[in-house]
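**Q** Pasting the sequence and the predicted coordinates here, then a few questions.
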Amino acid sequence: MSQISILSTRTLSDEQRQVFIDADFDLLEQDFIEIKNNIFELNQINNNLIFSSQNAVLSLMEQNGWEILKTKTVFCVGIKTKELLELNGFTVDVYMDYASELAEIITLIYNKESYTFLSGNLRMETLPKALKSAGITFNEIEVYQTELAPFKISDQENFDGILFFSPSAVESYLTSNKIKKEICFCIGSTTAKALELNKVKNIVIAETPTIDEVVLAVIEHYKTESI
């Protein structure tokens, strides 16, 4: 069997990269989006914080005096976001894998609380829309910006699989490239939907929305295929 060739649309960690090396895969990494943190004030924060990404946590920790917010109760999307928050002294009351799930929990059980949603410029409407509809007190602070970083992949490259970690990365990749017969491995259903809207059919979604699980999904897919 010829060597499997994989493109990751973001730079992986050393540990994630090693998984592909150990499996004897050919891996190319290219960042198709850039994250830029905003400077913002911490004087209009409600009783509870909502984070939907690790990027929002990292941006917060660049602000002067952010430590004072560690007394706030936190709701977040994603196990990795939860781990990053707890590593830096926050208490996470509730975390869910998807924003829609977190919105449901908040509106059903925690609807008497007030919230500040620390978000990015390209965040989905899921959480704000649900909170507004339920009449929940909240405000939103845009703490980082996601910018597309399109890159033209050489026509000489032929990949078996492409790794996508956000709808933004899908948009950025398709700005300068086409998806042909490659299998697209996605971090979650929202990213998969962005591909489906572009008529892509060969999609595998990770069991849980983490980068590690996407890497595992690739290994498992090609292990099964080779049997």
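**A** Thanks, I have it.
**Q** which parts of the lowest-mean-pLDDT helix or strand in the chain are buried?
**A** In the chain, no helix or strand scores lower on mean pLDDT, DSSP states H and E than helix 211-226, which sits at a mean of 90. Using 16 or more other Cβ atoms under 10 Å as the test for burial, helix 211-226 gives Ile211, Asp212, Glu213, Val214, Val215, Leu216, Ala217, Val218, Ile219, His221, Tyr222. (Glycine included, C-beta is placed from N, CA and C.)
**Q** Now do the helices in this protein.
**A** Along the chain, the segments classed as helices by DSSP state H run 14-22, 54-60, 79-87, 99-109, 126-133, 167-176, 189-196, 211-226.
**Q** Okay, angle between the fourth one and helix 126-133 too, please.
**A** Right, the one you point to is helix 99-109. Here helix 99-109 runs at an angle of 20 degrees relative to helix 126-133 (axes from the mean of the first three to the mean of the last three Cα atoms, to 10 degrees).
**Q** Equivalent analysis for the first one, please.
**A** Using the same axes, to 10 degrees, the direction of helix 14-22 lies 130 degrees away from that of helix 126-133.
**Q** show me what contacts the nearest residue to Ser5 once chain neighbours are set aside?
**A** Leaving aside its sequence neighbours, Ser5 sits nearest to Asp26 (Cβ to Cβ, 6 or more residues apart in numbering; 4.4 Å). Counting by Cβ atoms under 8 Å, 6 or more residues apart in numbering, Asp26 touches Gln3, Ile4, Ser5, Ile6.
**Q** Leu84 now?
**A** Gln54, Val57, Leu58.
**Q** Make a ChimeraX selection of the buried ones in the residues you listed.
**A** Typed into ChimeraX, the line below selects the buried ones among these, using 16+ other Cβ under 10 Å:
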select :54,57
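**Q** what's the closest of the contacts of Leu84 to Glu86?
**A** Val57 (10.4 Å; Cβ to Cβ).
**Q** hang on, that closest one packs against Asn88?
**A** Yes. With contact defined as Cβ atoms under 8 Å, Val57 reaches Asn88; the gap is 7.3 Å.
**Q** any idea which of the buried residues of helix 211-226 is the one closest to Val94?
**A** Taking Cβ to Cβ as the measure, Val94 lies nearest Glu213 of the buried residues of helix 211-226, at 20.7 Å.
**Q** per-residue confidence at the closest residue in space to the closest one that isn't next to it in sequence?
**A** Sequence neighbours aside, Ala206 is the residue nearest to Glu213 in space, at 3.8 Å (criterion: Cβ to Cβ, 6+ apart). On pLDDT, Ala206 comes in at 96.
**Q** so who does Ala206 touch?
**A** Phe185, Cys186, Ile187, Gly188, Glu213, Val214, Leu216, Ala217.
**Q** Same question for Ile187.
**A** Neighbour list for Ile187: Phe164, Phe165, Ser166, Ile205, Ala206, Pro209, Thr210, Ile211, Glu213, Val214 [criterion: Cβ under 8 Å, 6+ apart].
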